[in-house]
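# when you get a sec, could you give me coordinates for this:
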Amino acid sequence: MKFNPATNDFVAVVDIDPNKQNEFKFIVDGNWQPNWDLPTRTDEHGNVNNIIYAFPSGPLSPEYKEYAAPSFQLTAAY
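Modelled structure (predicted):
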């Protein structure tokens, strides 16, 4: 994870499968938690995770180009 001074946030690039629902959550102060402003689902173990689907994107804004994969863009602020 890198700090992006242009946007004053942290950025991590993660490969995700564009053909399925991808689940994620964050570690904040040592605790796993979802971002409640994003879509969530509860898994078979009762864990609440954020969900996201990847779609090919258009041109990236300049401040994110160095962090993004060549064909997909995912931006989530927390």
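
# contacting residues around residue 42?
Shown in contact with residue 42 (CB atoms under 8 Å, 6 or more residues apart in numbering): 48, 49. (Glycine included, C-beta is placed from N, CA and C.)

# against residue 13, how distant is it?
27 Å (CB to CB, to the nearest Å).

# likewise for residue 7?
Noted for residue 7: a distance of 14 Å to residue 13, by CB to CB.

# and for residue 39?
To residue 13, residue 39 is 21 Å away according to CB to CB.

# which stretches in the protein count as strands?
2-4, 9-11, 22-24, 26-28, 31-33, 40-42, 48-52 (DSSP state E).

# dump those strands into a markdown table; add mean pLDDT as well.
Below are the strands of the chain laid out as a markdown table (pLDDT from 0 to 100):
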| stretch | mean pLDDT |
| --- | --- |
| strand 2-4 | 87 |
| strand 9-11 | 83 |
| strand 22-24 | 90 |
| strand 26-28 | 87 |
| strand 31-33 | 94 |
| strand 40-42 | 94 |
| strand 48-52 | 91 |
